[in-house]
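K.L.:
Have a look; sequence and predicted model below, questions after that.
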There are 2 protein chains.
Amino acid sequence: MTEPAPVHASGVDHERLTSQLRFILETDKLKRILRRNLLVDGSRRENDAEHSWHLALIARVFAEHAPPGTDIDHVVQLLLVHDIVEIDAGDTFVYDSLMSRSQAERERAAADRLYALLPKDQADHMRGLWEEFEARETAEARFAKAVDRLAPMLANWHTDGGTWVQYGVSKAQVMEKVRIISEGSDALGSYATALIDDAERRGYFTRSKASGRGAPTTPR
Amino acid sequence: MTEPAPVHASGVDHERLTSQLRFILETDKLKRILRRNLLVDGSRRENDAEHSWHLALIARVFAEHAPPGTDIDHVVQLLLVHDIVEIDAGDTFVYDSLMSRSQAERERAAADRLYALLPKDQADHMRGLWEEFEARETAEARFAKAVDRLAPMLANWHTDGGTWVQYGVSKAQVMEKVRIISEGSDALGSYATALIDDAERRGYFTRSKASGRGAPTTPR
């Protein structure tokens, strides 16, 4: 772990600031966690940090498509922290059923370590945001998750099918994710459905009844 | 420019959604705009999108160091959009005095094009956020700018002086940026001062009275 510079700022609670800096330095690692999907221009895989920025911006741009009364500032808070656990747990591809089984446990252990770097009050608050996102029980968490599911669909559509083609994903598998989008936003769910119908016409999905060509982490 | 998929979502204002999607697809390019500074682990240069995510998170973690009454949700809004103009204008290195002279004009032209992709009401709002950030007249803008100036100092300290060493930056030049940090936050200004004093002891700054080894874009 990267330790903060051994310096003392006058008039500042040193222990508290040091804890905050440890968390800030550690979360820099999110910039090196690669996701499966490509950037919209297809040039390279996206990392979790830039993905989180884009989701926060998209949530603001799409704010009017959230159910009335949804607190978009809170949605942004959820999105800023939602992938931090992947620093330890790694990115789990949404169509990788094998890795998805151990995902919850791996991510909980990651949250135990990473959020504990912060002063206790902030650790509790930030971890609470992550748990809220995962539970999808609030309108904010459902909308945040909707945006998180829609963004890679946009990237896939714009890169000739992207991970759908690469990993042999079926339309039925994608439609499970569309359902999650619809739960967060009628409008975004409607758009995702239209997008997936178009992607099907373009032949981006595998026609086999099996669930794709297997998990991407499985040796082939 | 990347055009959104030619699909119609039922029950959604098509023109408005298409404008929003154009902006979302265009801002994906921020992930390919490279800054001068490296990641904290020194592995590669940082891009503007992941930088923006980290600043938004840092602003939340450091919220207690902002002046009382500062609206951190608004600070986060400013930070999410603050670098979008660099999609067209490019990153201007803070110690590059030649490029800094044309920076305002280049960024205004970029804002004219990029924000206009959005529906008018959203374009006005988002562009207003960027202008507020640049003007540094509100507590929120000053705190956002403080975080924006502090983050690369952390990266430089953790990469053996980073861009300070690479471009022959003097302590006096860095202290101008520390002043901007102090204007946004006493505590962060105090910390930055202690960090820069330590960096000087480590020999990270050029001792010459000239303003560094010249702009990084100047052929050498």
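P.N.:
Yep, that arrived. Numbering: from 1, shown residues only, chains lettered A, B, ... in the order given.
K.L.:
Who are the contact partners of A:Val94?
P.N.:
With contact taken as C-beta atoms under 8 Å, 6 or more residues apart in numbering or on different chains, A:Val94 is in contact with A:Ser100, A:Arg149, A:Pro152, A:Lys177. (C-beta placed from N, C-alpha, C; glycine too.)
K.L.:
Helix, strand or coil: sort out it for me.
P.N.:
Applying DSSP: H, G, I helix; E, B strand; the rest coil to A:Val94 yields a three-state assignment of coil.
K.L.:
List of residues touching the least confident helix or strand in chain A by mean pLDDT?
P.N.:
When the helices and strands of chain A are compared on mean pLDDT, DSSP states H and E, helix A:97-115 comes out lowest with a mean of 92. Identification of contacts with helix A:97-115 by C-beta under 8 Å, 6+ apart yields A:23, A:26-27, A:84-90, A:92-94, A:123, A:126-127, A:130-131, A:134, A:211, A:215, A:217-218.
K.L.:
now those: which count as buried?
P.N.:
Buried residues within the contacts of helix A:97-115, defined by neighbour count using 16 or more other C-beta atoms under 10 Å in any protein chain shown: A:23, A:26-27, A:84-90, A:92-94, A:123, A:126-127, A:130, A:134, A:215.
K.L.:
List the ones among those that fall in helices.
P.N.:
In this view, these that belong to helices under DSSP state H are A:Phe23, A:Glu26, A:Thr27, A:Glu86, A:Ile87, A:Asp88, A:Ala89, A:Ala123, A:Met126, A:Arg127, A:Trp130, A:Glu134.
K.L.:
OK, contacts around the third one?
P.N.:
Remark: with contacts taken as C-beta under 8 Å, 6+ apart, A:Thr27 is in contact with A:Ile84, A:Ile87, A:Leu114, B:His54, B:Leu57.
K.L.:
quick one, strands of chain A?
P.N.:
Listed in chain order, the strands of chain A (DSSP state E) span residues A:34-38, A:45-47.
K.L.:
quick revisit: farthest-separated two in the contacts of A:Val94?
P.N.:
Within these, two members stand farthest from each other by C-beta to C-beta: A:Ser100 and A:Pro152, at 15.3 Å.
K.L.:
okay, now A:Arg44: neighbour count?
P.N.:
The tally of other residues near A:Arg44 (other C-beta atoms under 10 Å in any protein chain shown) stands at 11.
K.L.:
now A:Met175, nearest residue through space, not along the chain?
P.N.:
On the basis of C-beta to C-beta, 6 or more residues apart in numbering or on different chains, the spatially nearest residue to A:Met175 that is not a chain neighbour turns out to be A:Ile196, at 6.7 Å.
K.L.:
related to what we said a few turns ago, have a look at A:Ser100 and A:Pro152 and say which one is more surrounded.
P.N.:
Ranked by neighbour count (other C-beta under 10 Å), A:Ser100 and A:Pro152 place A:Pro152 first, with 21 against 13.
K.L.:
so what's the more buried one up against?
P.N.:
Residues near A:Pro152 by C-beta under 8 Å, 6+ apart: A:Arg35, A:Arg36, A:Asn37, A:Val94, A:Gly162, A:Thr163.
K.L.:
Those residues, buried ones only, as a ChimeraX selection?
P.N.:
Isolation of the buried members of these (16+ other C-beta under 10 Å) is achieved in ChimeraX through the command below:
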select /A:35,36,37,94,162,163
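K.L.:
how about the contacts of A:Pro152, which pair is most distant?
P.N.:
Farthest pair in the contacts of A:Pro152, by C-beta to C-beta: A:Val94 and A:Gly162, 12.5 Å.
K.L.:
And the pLDDT at A:His74?
P.N.:
At A:His74 the predicted local confidence, pLDDT, stands at 98.
K.L.:
So what's the residue count around the closest residue to it other than its chain neighbours?
P.N.:
With C-beta to C-beta, 6+ apart as the measure, A:Glu140 is the residue that lies nearest to A:His74, at 4.6 Å, once sequence neighbours are left out. Other residues within reach of A:Glu140, judged by other C-beta under 10 Å, total 27.
K.L.:
Spatially nearest residue to A:Leu25, not counting backbone neighbours?
P.N.:
Once its chain neighbours are removed from consideration, A:Leu25 has its nearest residue in A:Thr2; the separation is 4.4 Å (C-beta to C-beta, 6+ apart).
K.L.:
What's the local residue count around the one you found?
P.N.:
When neighbours are defined as other C-beta under 10 Å, A:Thr2 has 14 of them.
K.L.:
Contacts only, for the nearest residue to A:Gly90 once chain neighbours are set aside.
P.N.:
Once its chain neighbours are removed from consideration, A:Gly90 has its nearest residue in A:Ile33; the separation is 6.8 Å (C-beta to C-beta, 6+ apart). For A:Ile33, the set of contacting residues under the criterion of C-beta under 8 Å, 6+ apart consists of A:Asn47, A:Asp48, A:Ala49, A:Asp83, A:Glu86, A:Ile87, A:Gly90, A:Asp91.
K.L.:
Look up how far B:Asp91 lies from A:Ile33.
P.N.:
With distances taken as C-beta to C-beta, to the nearest Å, A:Ile33 is found 23 Å from B:Asp91.
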